[in-house]
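Asker: What follows is a predicted protein model with its sequence.
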Amino acid sequence: MLCGIAFGLLSFKTYPSPQKPQLRTIVIDPGHGGFDPGTHGLIAKEKDIALAIALKLGKALQQAFPDVRIVYTRTTDIMPGNKLTVPDGIRYRAELANRSNGDLFICIHCNSNGHPAGGYTVKHFLRYRTIGRGGHKKTVPVYATEWVKNTTRGTTTYIWKSDRNLKKGDAINTAAELRNGENMGDSTGTAFDMSTPEAMMQAQLYEKKYFANSALFGTLVEKEFIKTGRHSYGVQQRQVGIGVLEATGMPSVLIETGFLTNREEEKYLAGSKGQREVARNIVNAVRQYREKL
């Protein structure tokens, strides 16, 4: 029944859907930057690796797809927009993507498992023993200390959970409004009042479409990582904690390219060879994504 209603809505002249190239602009967002270093390993910071991979990715995409415009949220070690707070920087990234008429948003990050990079010590309870004499006797625990290598590794691609989220719907509507009047409003370019049932349904339809495309692209990215021998945690949905995915009105992904807390994976991500391979994996995913669109 919903499909019939949706088809009816999209058939009205007030809901135009012109046929245009599916992938004209890709926005690349290197995570963190400037005063915000992100996580860190033994030798590198997340902000630096994210930027290095992003620049290699943009160059490789431009070579592979000369007709696609590449937009970066930053190309140097700054908080995007030279903002003074992380939330302001996140808003700037999303607004830039929406203003740029982005068709795909790719955010590059590195991961951490919450433990110190390389390895850490843990205490294990062994037994209790009694110390002291007479009335001063007491029982105390005895522990053994063990050094544990930090072995968590692998990639994850996050997408925003599709659940009729009004903020995501607002972002979609705003981004569409910026496309020279080609929005979810009428043919004059006026945006819908998001409080109306028609506008909410239209935003939900677009959100489902973008969710499906985000999931498709994320799956292709993770498959490419697996082909090169990387461990993958697959595509995961997030409903909180990733503001750029919520506020971008387009298919969007956040790629955790590996764990800096793992000594070997950090060395791979910090090296030019590893960075080029990660970029190549994503380019291959873009090629397949573009064909499937």
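Answerer: Structure received.
Asker: residues touching residue 141, list them.
Answerer: 125, 126, 127, 128 (C-beta atoms under 8 Å, 6 or more residues apart in numbering). Where C-beta positions appear, they are placed from N, C-alpha and C, glycine not excepted.
Asker: Would you quantify the distance from the nearest residue to residue 112 once chain neighbours are set aside to residue 262?
Answerer: Nearest in space to residue 112, with sequence neighbours left out and distances taken as C-beta to C-beta, 6 or more residues apart in numbering, is residue 39 at 3.9 Å. Per C-beta to C-beta, to the nearest Å, residue 39 is found 11 Å from residue 262.
Asker: who has more neighbours, these two?
Answerer: More crowded of residue 39 and residue 262, by other C-beta atoms under 10 Å: residue 262, with 25 against 21.
Asker: contacting residues for the more buried one?
Answerer: Applying C-beta under 8 Å, 6+ apart, we find residue 262 in contact with 41, 117, 150, 151, 152, 153.
Asker: where's residue 215 relative to residue 249, distance?
Answerer: 17 Å.
Asker: quick one: which of these two has more around it?
Answerer: residue 249 (29 against 17).
Asker: In terms of helices and strands, where is the residue positioned nearest the centre of the chain?
Answerer: The centroid of the chain falls nearest to residue 254 when counting by C-alpha atoms, centre = their mean (1.1 Å). Secondary structure assigned from DSSP states H and E places residue 254 in strand 252-259.
Asker: Strand partners (parallel or antiparallel) of that strand?
Answerer: If you go by DSSP bridges, strand 252-259 pairs up with strand 104-111 (parallel), strand 155-160 (antiparallel).
Asker: out of the contacts of residue 141, which are inside strands?
Answerer: 125, 126, 127, 128 (DSSP state E).
Asker: The last one against residue 143, yeah?
Answerer: No. Judged on C-beta atoms under 8 Å, residue 128 makes no contact with residue 143 at a distance of 10.8 Å.
Asker: And residue 79, how far from residue 96?
Answerer: 13 Å.
Asker: care to break the chain down by domain?
Answerer: Listed domain ranges for the chain are 24-113+152-292, 116-149 (source: automatic domain parsing).
Asker: how about a markdown table for the ones you listed, with mean pLDDT added?
Answerer: Output for those, formatted as a markdown table (pLDDT from 0 to 100):
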| stretch | mean pLDDT |
| --- | --- |
| domain 24-113+152-292 | 86 |
| domain 116-149 | 87 |
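Asker: which of the ones you listed sits most buried?
Answerer: domain 24-113+152-292 (a mean of 19; mean count of other C-beta atoms under 10 Å).
Asker: okay, how far is it across that domain, tip to tip?
Answerer: Using C-alpha to C-alpha, to the nearest Å, the end-to-end distance of domain 24-113+152-292 comes to 15 Å.
Asker: Who are the contact partners of residue 263?
Answerer: The contact partners of residue 263, taken as C-beta under 8 Å, 6+ apart, are 41, 42, 117, 118, 119, 149, 150.
Asker: Just the residues contacting stretch 282-293, thanks.
Answerer: Taking C-beta under 8 Å, 6+ apart as the rule, stretch 282-293 contacts 22-23, 26, 57, 60-61, 64-65, 104, 106, 213, 216-217, 220-221, 223-224, 255.
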